[in-house]
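Visitor: dropping a prediction and its sequence here:
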Amino acid sequence: MKSYQFLIFFSIVILIYSLVNYYIYARGMQALPQGIIFRKIFPWIFLFLSASYIIGRFVERIWISPVSSFFTFVGSFWLAFMVYLLMAVIVVDIIRLVLFFLPHPAFLTENYVQIKKYLFIAVTGIAGIVVLAGHINALTPRVKRIDIRIDKKAGQMKTLHIAAASDIHMGTLVGPRRTAKLVKMLNERNADIILLAGDIVDEDLAPVISNDLGESLIKLKAPLGVFAITGNHEYIGGAEAAVKYLTDHGIRMIRDTAVKINESFYLAGRNDRDSKRFSAKERKTLDEVLEGVDLTFPVIMMDHQPFNLQQVADAGVDFQLSGHTHHGQLWPFNYITKAIYEISWGYKQKGNAHFYVSSGYGGWGPPVRTGNRPEIVDIYITFD
């Protein structure tokens, strides 16, 4: 992405973020009664919370430390908290607007100050409970099993067991503990092959190196190997450095090519479709990726963003694994991803092609999931 494009994009994001926070702040101040001590310190608390994420990500660029991690951690939770506070404040304002045009009981007017105070407490408490529950959910990934039948012969192999994960987002928030847990869960599948479908690194590689997260990745083991592709976040942070780091730690990166595995099936991997936007390098077309592939053998492909599924099916791919969507991560954003993607999360068959889009293991921004469970995927393929 060109510098001026990034500046415009960043400016728009900061403007929207500031307006949303000001709206929540203004309604909070209106709800707090005059004269109470908390009303005096509320602006400072709000400023600290709303500025933490920006401060943390900025400090990370120049100094990876407990200070940067603290601000990023606090600010990430605030992003989720902000979403649910915004929703609650909008609902309250709609109710206020309706009541303005309708007759309402006298006790609402007589106890208006007290009602506003208790409403502030209720809204803040409910949003806090939702975020806490979402954080606990984000820390408890499940194993999702998928059974697929491909009507092709695969050499001497009758079945293939794949353990897969996408959207790990290793970095400050997905640190040593969660990375080690992922490796343990994948290894416990005792799969033939391990696939990582993009966004392994969360933009900036520095926290990954600082926390030595590659030390856990080296422990991934599968007889046919550990393979991965780039996602958009690898490109946001610098794909070449991320690819080198992952390669140095035992992961074979497949970039716009296809390799034959065990003389039995092909594994194809595409660079992320945002490669041009962030690196000015266009990825190969699907036909170019599959050039030279013998389609009488099963073809398994990884493409981080699940677009153009019919084109994939028409090209002769038998199974595609994707991620990227997080299925919205925070409710109700899952309704947005459902509108954007043919598959926001889960399995679908189109003709002879099978597709699975994972909700992901980690997450972007807040370490919170309220729209779905994080997962790793246990895929059992039977060949005819």
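Guide: That came in fine, so what should we check first? Residues are numbered from 1 along each chain as shown.
Visitor: now the helix or strand that contains V131: buried residues?
Guide: Following DSSP states H and E, one finds V131 within helix 112-138. Neighbour-count burial for helix 112-138, with 16 or more other CB atoms under 10 Å as criterion, is recorded at 116-117, 120, 123-124, 127, 130-131, 134-135, 137-138. Quick note: C-beta positions are derived from backbone N, CA and C, even for glycine.
Visitor: just flag the most distant two among these.
Guide: Farthest apart among those by CB to CB are K116 and A138. That separation is 32.7 Å.
Visitor: nearest spatial neighbour of K116, chain-adjacent residues omitted?
Guide: Nearest non-adjacent residue to K116, counting by CB to CB, 6 or more residues apart in numbering: A31, 4.4 Å away.
Visitor: could you tell me how many residues sit around S216?
Guide: Neighbour count of S216, defined by other CB atoms under 10 Å: 21.
Visitor: separation between it and A154?
Guide: Distance, S216 to A154, by CB to CB, to the nearest Å: 31 Å.
Visitor: over to A242?
Guide: Counting by CB to CB - A242 and A154 are separated by 31 Å.
Visitor: please apply the same query to I229.
Guide: Using CB to CB, I229 is found at 21 Å from A154.
Visitor: which one's more surrounded, these two?
Guide: Each of I229 and A154 has its neighbours counted (other CB under 10 Å); I229 has more, 29 against 22.
Visitor: phi, psi for the nearest residue to the more buried one once chain neighbours are set aside please.
Guide: Leaving aside its sequence neighbours, I229 sits nearest to G269 (CB to CB, 6+ apart; 4.1 Å). For G269, the backbone dihedrals (degrees, to the nearest 10) come out as phi -140, psi 130.
Visitor: G269 is in contact with V243, isn't it?
Guide: No - the criterion here is CB atoms under 8 Å, and G269 misses it with V243 at 11.5 Å.
Visitor: more neighbours: which of these two?
Guide: A direct count of neighbours by other CB under 10 Å for G269 and V243 places G269 higher, at 26 against 20.
Visitor: can you tell me how far that one is from Q310?
Guide: 20 Å.
Visitor: domain parsing for this protein?
Guide: Here the domain assignment for the chain is 3-137, 142-383, based on automatic domain parsing.
Visitor: weakest of those domains in terms of mean pLDDT?
Guide: Among the domains of the chain, domain 3-137 carries the lowest mean pLDDT, a mean of 90.
Visitor: contact partners for A106?
Guide: The contact partners of A106, by CB atoms under 8 Å, 6 or more residues apart in numbering, come to none.
Visitor: sec struct for the nearest residue to A127 once chain neighbours are set aside, please.
Guide: With sequence-adjacent residues excluded and distances taken as CB to CB, 6+ apart, A127 is closest to Y84, at 4.1 Å. Recorded secondary structure, Y84: helix (DSSP: H, G, I helix; E, B strand; the rest coil).
Visitor: quick one: residues contacting Y84.
Guide: 126-127, 130-131.
Visitor: same check on W78?
Guide: W78 neighbours (CB under 8 Å, 6+ apart): 49-50, 52-53, 366.
Visitor: one more time with 6 Å
Guide: Listed by CB atoms under 6 Å, 6 or more residues apart in numbering, the contact set of W78 reads L49.
Visitor: ok, it to A280 distance?
Guide: For W78 relative to A280 (CB to CB), the value is 34 Å.
Visitor: with E240 instead?
Guide: Using CB to CB, E240 is found at 13 Å from A280.
Visitor: and the strands in this structure?
Guide: Under the criterion DSSP state E, the chain contains strands at 142-150, 159-165, 193-196, 226-228, 252-253, 257-261, 265-269, 299-302, 319-322, 346-350, 353-357, 375-383.
Visitor: also compute the angle for the last one relative to strand 346-350, please.
Guide: So that's strand 375-383. Here strand 375-383 points in a direction 30 degrees away from that of strand 346-350 (axes from the mean of the first three to the mean of the last three CA atoms, to 10 degrees).
Visitor: direction included, what does strand 375-383 pair against?
Guide: Here strand 375-383 has these sheet partners by DSSP bridges: strand 142-150 (parallel), strand 159-165 (antiparallel).
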